[in-house]
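> Build me a model from this:
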Amino acid sequence: MWITPEEVLLANALWVSERANPYFILQRRKGHGRGGGITGLLVGTLDVVLDSSARVAPYRILHQTGESQIFWNIACGSSRKEITEHWEWLETNLLQTLSIFDNDDDITTFVKGKIQGIIAEENKSGKAQEDEDPGKFREAELKMRKLFGMPEEEKLVNYYPCSYWKGRVPRQGWIYLSVNHLCFYSFLLGKEVSLVVQWTDVTQLDKNATLVFPESIRVSTRDTEHFFSMFLNINETFKLMEQLANIAMRQLLDNESFAADRSLPKPCKTLKNVSALKRDLDARAKNERYRALFRLTQDERLDGHTDCTLWTPFAKMHVVGQMFVSNNYICFASREEDLCQLIIPLREVTIVEKADSSSVLPSPLSISTKNKMTFLFANLKDRDFLVQRISDFLQRTPDRPCALSTQSHNSFLHICHCFQENPSPSTPPSLPPSPPVLGLGEMPQNQHYSPSLPTAKKGLLQIYQQDVPEELGPKVTREKMKEESWNIHFFEFGRGVCMYRTSKTRELVLNGIPESLRGELWLLFSGAQNEMATHPGYYASLVEQAIGKYTLATEEIERDLHRSMPEHHAFQNEMGIAALRRVLTAYAYRNPNIGYCQAMNIVTSVLLLYCTEEEAFWLLVALCERMLPDYYNTRVVGALVDQGVFEELTRECLPLLYEHMQDLGVISTISLSWFLTLFLSVMPFDSAVLLVDCFFYEGIKVIFQVALAVLHANMDQLLSCSDEGEAMTILGRYLDNVVNKLTVSPPIPHLHALLTSGINPPPEIDVFELIKASYEKFGSLRADVIEQMRFKQRLKVIQSLEDTAKRSVVRAIMTESAFTIEELEELCYWGASSTAAERHDPSLPYLEQYHIDCGQFVQLFSALAPWSCGLHTNTLSSRLFRLLDQNKDSLINFKEFVTGLSGMYHGDMTEKLKLLYKLHLPPGMFTVIKSLLTWPRKECNKEKPKDYKYYLRMWAKEKEPKKESIKDLPRMNQEQFIEMCKTLYNMFSEDPMEQELYHGIATVASLLLCIGEVGKKFTNNGSKKTEAQLPSAVDTLQPEREDSSGEGGSGQSLVSKALAEAQLETPPPTAAGSDEEAKDDTSVSSYSVVSAGSLQCEDIADDTVLIGCMSGDTVDRRQGSAPDADWSITFEQVLASFLTESSLVDYFEKKHDIQSKITACKSLRAVERQTSTSSDHDFSLNTH
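Residues are numbered from 1 along each chain as shown. Next up, the predicted model:
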C-alpha cells in the first residue's frame, strides 16, 4: 500500500535491493522468501521482538534522487504481487514526467506530493472506521490477519508485548486481542509459536503472581491452560481481556453479536496505537460503572466526568468528589464512600448559573431545579466547556421547554418552561417502541386497564387496610415516629429524585421504611421513578396490547397467579389477582427474552402491596434488567452466577463451614431460592420486606451479607449435621423464626410454619438484629468486588450450561444413532460458535436449540462426509440438506445432521444406496412437475371439515414409529437417473479402485437402461392416455424443457452424453433438468477409462435397445429433446443391479472412521484457522 513518505537514512541495512531505476528502488527484507541463513533468522527475530512493520510488509519501494544519501519510503507490501503493481504504476506514470525536472529537490517534492495525493484519494473512498485508527495500529491489524488467517471482518482491539510460557520456557512475542479471539505469535531464531483461542472457549481468566509465573495472566479453556507474563501494563491488558470474554459470554447468553458503537465522539487528539474499538470498549466499561453507581437505564451514556466540590447545606461544608454528565443526568459522587451522592435529571433543571469566582469559591456553578432546590458546585476545571455541554444536552432532553436563552451579561443560563399537558418523550433504544399514548378522554373499546382502577391509584395494602388492634398501639406510635424521621430527612436533604443521599439515609433505611413511604422510596432508590417519569402512558398501552394474547408465558402466568402469596388477604380476591396478571403479562410482552419465570410472581406480589400497578411494573423492570441481571431468563443464569459468588464468599469468610457444606451439597440448594425471591419465600413476610428495603438501597450486597450472617448464626449446628436434609431443616426453622416485632400489620401465616411444629419451637430472631449482625460481620463487601466475582462465575456458569445442553442433546439421540458417545460429543460441538438468535434458543427442547443453515452444512459435509465428489460435493451436500430439512425452514438440527452422517458411515449397502437414491429424488432434487400436478387438485377438492376424532387418529398415526420400506420409495425417471450416474462417477474419482469402479458403474448403468426401456414397453399403451390427461401447466412446461436441451444435438442418448461428460470433466448439459444446482455439477475425474461408446459394446447384449441406438422416427423424435418421460426404474432394480458388480458391493460395504476425519479437521484448524466473524459465526468443528 502507499504510505506517507518517510525518511530512511540507511537504505541497505537489513534489506536486499531487487529492482532499481534512476528514481526508485524495490527492496525485500532479509530473511523473507528465499534462503536467508543465520542473518535471516536474526532479522526475523528482531522484527517480532521490536514489532517491526517489516514483519507484515516485507517489501518496500524507496525514492532517491541523484547523489543524495537520503531515501524516502513511499510504499510497502505484504506480497510480491502487491509491491510489483505499485512498481509498475511508478514506471508507467512517473518516469517520463520526472525526467523533465532539472532540480533533484523538485523531483522529490513532486513525488512526495503525488504519493500524498494518492493516499488522500484512497482515504476518501475508504471506510470512516479505518480513518479513525492510527497508521501503526492498522499495520498491526494487517499483521494479525496475515499471521492467523483472519478475515477482514475480524477487528483487532489492541495488542501488547508479552511472554507466552510454553512448558518452562517463555517465548517473547505479541498478544493480539480481537473481538472474537485471543492470538499470540512469537518467532525466535527460527522457532515459531502461534496460538489462537476463541473467547467463547474461555472458562476462566485469572491474574496472579507466583514464583513460577511472576505477575502473569492465566487463560483457561475446557482442556488446557495458557500463561502469559512480562506485560508492560498487566492491569490494562487483563481488564480488556475480561471485557472481551464477557462480551463473548453475553453472545452465548443473549444470542446478540458484537456491534461497534459508531456514535462515539472523536478524540481531540489521535492516541498512539489505540483503535476506535478500544475506545469503544473503554467507553462501555465507564458507562457500565456509571449506570451501576447511580442506578440509571441501559441507554444512558456518560459524556464525561470532572473533579469538583459540592456544597452540602445540611453539613455546612464542601464535599470533594466527581461530577458526571450524561445525556439525561448530572450526577455527583463523593470521594469518600457514602458521604454524599446526588442525581439531577436534566428534565428537572430550570437554571444553570455561572457565579463569580473567588479565592474561597473558585469556578462555581449553580444548578436549580423545579422543586426549588439549588446545588452549588465549585473547583470545576474548564467550567465554560462544561456549561456548554450541559446546554447542548438540555436542548435535546425530552420534556424540555420551548425557549432556551443564554444571557451573557450576567453569565447565567435560564430555561423558560412551556410544558405540554401530555408530553410524549422519545423512547430510549433499550425499550421496545412505545405504543401510542392515548389522549385525554380517549378510551379504547375493550379496555383492560384504566387510571380509575383502585390498583392504579393505591397499593393493595392501602385498599385492604384493616383497623389496627388496640394492642398494636405502641407499634403504631413507633411507625409514626419513623414517618416523622423521614419527613425531617426530606426537609434537610430534599425529597424526590434530587435528594441528597448520605450515610444518614442508609441508617434510616436499615431501621425500616414506613409502610406509607415504602413504594415511593423503592421507586427512588431503584431508579424506576426516572423511567416511569419519562414514559407516561407506556404501561397502560402495553397492557392493552398484551392482554388477550396467548403465549407460553401467559399460560405459565395463569398457572402461578393463585400461588402468589395465597396467605395474604390482598390476593384472595379477583382485584389483586387481576392486577398481578396485568403487570406480569405486560412485562412478558415488553421483554420476550425473559417472558415469565417462576419467582417473578412472588416478587411482583410484594411490589403490588405497596405500589400502584404502573409503579410495580417499572420496579419489576428495574429488578429484572438492572438490579438482578439475568436472574429471570429461561436458565436463571444470574441466580446461578450469584450462587457461585456466594459459595466463593463462604469459602473466604467461613472456610470451615464451607468445606462441610460442600460435602453435604447444601449451599447450591439453599441459595437459589434465597436469591431468586430475595428471601420472600423462605422468611416471614414482615421480616423479608425489610430486606427488600435494604436491597433497593444497597443492591445485591445486602442479600449476600444476610445469607452469610444466616450461615454464621447456625454454624455450630450445621457443622454437626450428617446429611443435607438435616441442614435444610435447621436453616428452614431459623429463617421461619426471623420476626419483625415492630410491624403494625396483622400477622400473616407463613408457608414454612410447619417446620416450627414441635414441643420446643426454636427461639425468635429479631430481623433488625440479623441485619445489624450482617453489617457488623460482613459489611466490608464492596459492589465492585462482587461484580468482579460475578464475571469469573459467569464464565464458568455459561460454559457449564453450554456443556450440559450439548450432553443432553447427545443423550437424546444416543439410542437412535450408530455413532459412539465419544463421536457424538465430538460432533455436537459443531454448534458451539452459534450466535444468531434464530439458531440458538435455550427455551426450546435440547434437540431444537442448535441449528445450521445450508452454507454451514455444506462446509461440514465437505469436511466430514466419506463420500468425496470433488467439485460435485457442494451439489450433493445441498441435496442432502434439502432431504434432511423436513420442516422446510432452511435449517436443520443436530439430530437431523447426525441422521444424515450415520447412514453414510454405519449403514449397510442397502441403506447407503437408499440414501443415494433418495438424494436424486424430490426434495433432494427440485421438481416442478410434482407441484404443478398437485396444486390444481388442492384447489378443486373441497373436503368437509373433520371432527376432532379424525385429528386424534391422525395424531396417533404420526406418533407411531415408521419404518420406511424399499417398496415405499418412488420410481426414478431418466433425468434423475442421469444425475445419479454423474454423482457416482464423481464419487469414484479419488478411490484407489477407480478403474474397477468405473467399469462396474458402466455395466450397471447399461443394465438399468435396458430395464427402464423394457418397463416402458409394458406401460406404453397406458401412458398415452395419461399424457392426454396431464394438466395444462405440464403442457406449457414441455416446450421449455425441449428448448433448454439446445438445438442441433446429435443422436447420442442423454444418458451416454451425461456419463461421457462426467468422465471428461466438462460442465453438465443444460438439458439435465431445471435444477439450479446443475450449474455446479462438474466432475473431477481425469482417469476414466470408460468412453461414451463403451456403454454400447461388449457389456450390452445385441438385442438390447438403448436410447442412443434407437432407429427410425424414434431417433428423430428424441434427437435434441428432453429425457424420456415414460422411462423409469425402481429402487429394487437399482439394488439388484448393483449387487451384480463385486467392486461396487465392496465400495458400499466398506466401513469408514469418522474419528479420523475429525482429527484431520482439528489438525487443519490448528494450522489454517477457520475463523468466525463478529456478525456471522462459522459452524466449523470446535476444538473443545
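> Which parts of the stretch 601-750 of the chain are strands?
738-739 (DSSP state E, counting those that start in this stretch).
> tell me which element V196 falls in.
Per DSSP states H and E: V196 is located in strand 191-198.
> List the buried residues of the following helix or strand past that strand.
Once strand 191-198 ends, the next helix or strand along the chain (criterion: DSSP H and E) is strand 204-208. Within strand 204-208, the residues that count as buried by 16 or more other CB atoms under 10 Å are 205, 207. (Glycine included, C-beta is placed from N, CA and C.)
> Report the rounded mean pLDDT for strand 204-208.
Strand 204-208 carries an average pLDDT of 87.
> I'd like to know how many residues surround the closest residue to Y500 other than its chain neighbours.
The shortest distance from Y500 to any non-neighbouring residue, by CB to CB, 6 or more residues apart in numbering, is to F493 (4.2 Å). By other CB atoms under 10 Å, the residues close to F493 number 20.
> F493 contacts K504, doesn't it?
Yes. Checked against CB atoms under 8 Å, the pair F493 and K504 is within contact range at 7.4 Å.
> follow-up on the earlier one: quick one: buried residues of the strand holding V196?
Buried residues in strand 191-198 (16+ other CB under 10 Å): 193, 195-198.
> Show me the shaky parts of the stretch 101-250 of the chain.
123-135, 189-190, 209-214 (pLDDT under 70).
> no wait, the stretch 751-900 of the chain
Ranges of the stretch 751-900 of the chain meeting pLDDT under 70: 751-761, 828-850.
> Okay, angle between the longest helix seen in the chain and strand 204-208 too, please.
Identified as the longest helix of the chain according to DSSP state H is helix 783-813. On the basis of axes from the mean of the first three to the mean of the last three CA atoms, to 10 degrees, helix 783-813 is oriented at 140 degrees to strand 204-208.
> helices or strands up against the helix or strand that comes right after helix 783-813?
Downstream of helix 783-813, the first helix or strand assigned by DSSP H and E is helix 821-828. Applying 3 or more CB pairs under 8 Å, 6 or more residues apart in numbering; DSSP states H and E, we find helix 821-828 packed against helix 783-813, helix 894-906, helix 1154-1167.
> Of the buried residues of strand 191-198, which is the nearest to N328?
Q198 (37.3 Å; CB to CB).
> Nearest residue to that closest one in space, please, no chain neighbours.
Nearest one to Q198, counting by CB to CB, 6+ apart, is H181 at 5.8 Å.
> Tell me how far the one you found lies from S1006.
Note on H181: its distance to S1006, by CB to CB, to the nearest Å, is 55 Å.
> which residues touch stretch 5-23?
25-30, 43, 46, 54, 60, 62-65, 69-74, 87, 90-91, 94-95, 98, 107, 111-112, 115-116 (CB atoms under 8 Å, 6 or more residues apart in numbering).
> Buried among the residues you listed? Need that as a selection in PyMOL.
Typed into PyMOL, the next command selects the buried ones out of the contacts of stretch 5-23 (criterion: 16+ other CB under 10 Å):
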select buried, resi 25+26+27+28+29+30+43+54+60+62+63+64+65+71+72+73+74+87+90+94+98+107+111+115
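> Out of the contacts of stretch 5-23, which sit inside strands?
Counting by DSSP state E, the part of those found in strands is 25-29, 60, 62-63, 71-74.
> how near is the residue nearest to T200 when sequence neighbours are not counted to I798?
Excluding the flanking residues, the one nearest T200 by CB to CB, 6+ apart is A248, at 4.7 Å. Counting by CB to CB, the gap from A248 to I798 is 9 Å.
> now do E515
Per CB to CB, E515 is found 40 Å from I798.
> So for these two, which sits in the more crowded spot?
Counted by other CB under 10 Å, E515 and I798 do not tie: I798 has more neighbours, with 23 against 20.
> mind listing what the more buried one touches?
Applying CB under 8 Å, 6+ apart, the residues near I798 are 249, 252-253, 637.
> Tell me, how many residues neighbour the residue nearest to Q198?
Counted with other CB under 10 Å, H181 comes out at 24.
> who touches it in this structure?
By CB under 8 Å, 6+ apart, the neighbours of H181 are 148, 150, 154, 196-199, 1171.
> Show me where the stretch 451-600 of the chain dips below the pLDDT cut-off.
Residues of the stretch 451-600 of the chain that meet the criterion pLDDT under 70 lie in 466-473.
> which SS state does the residue nearest to T200 fall under?
helix (DSSP: H, G, I helix; E, B strand; the rest coil).
> My guess is M987 contacts S868. True?
Yes. Checked against CB under 8 Å, the pair M987 and S868 is within contact range at 7.1 Å.
> which one of those two has more residues nearby?
M987 (23 against 16).
> Tell me how far that one lies from H920.
13 Å.
> mind listing the strands for the stretch 801-950 of the chain?
851-852, 892-893.
> other SSEs contacting the first one?
Yep, that's strand 851-852 we're talking about. Against strand 851-852 (3+ CB pairs under 8 Å, 6+ apart) you get strand 892-893.
> Extract the C-alpha set from stretch 245-256 and format it as PDB.
C-alpha atoms of stretch 245-256 as PDB (Å, rounded to 0.1, in the frame of the first residue of the first chain):
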ATOM      1  CA  ALA A 245     -14.500 -12.600  27.400                       C
ATOM      2  CA  ASN A 246     -17.600 -11.100  29.000                       C
ATOM      3  CA  ILE A 247     -18.900  -9.900  25.500                       C
ATOM      4  CA  ALA A 248     -18.400 -13.500  24.300                       C
ATOM      5  CA  MET A 249     -20.400 -14.900  27.200                       C
ATOM      6  CA  ARG A 250     -23.100 -12.300  26.500                       C
ATOM      7  CA  GLN A 251     -23.200 -13.500  22.900                       C
ATOM      8  CA  LEU A 252     -23.800 -17.100  24.100                       C
ATOM      9  CA  LEU A 253     -26.400 -16.000  26.600                       C
ATOM     10  CA  ASP A 254     -28.300 -13.300  24.600                       C
ATOM     11  CA  ASN A 255     -27.500 -14.500  21.100                       C
ATOM     12  CA  GLU A 256     -26.500 -11.000  20.100                       C
END
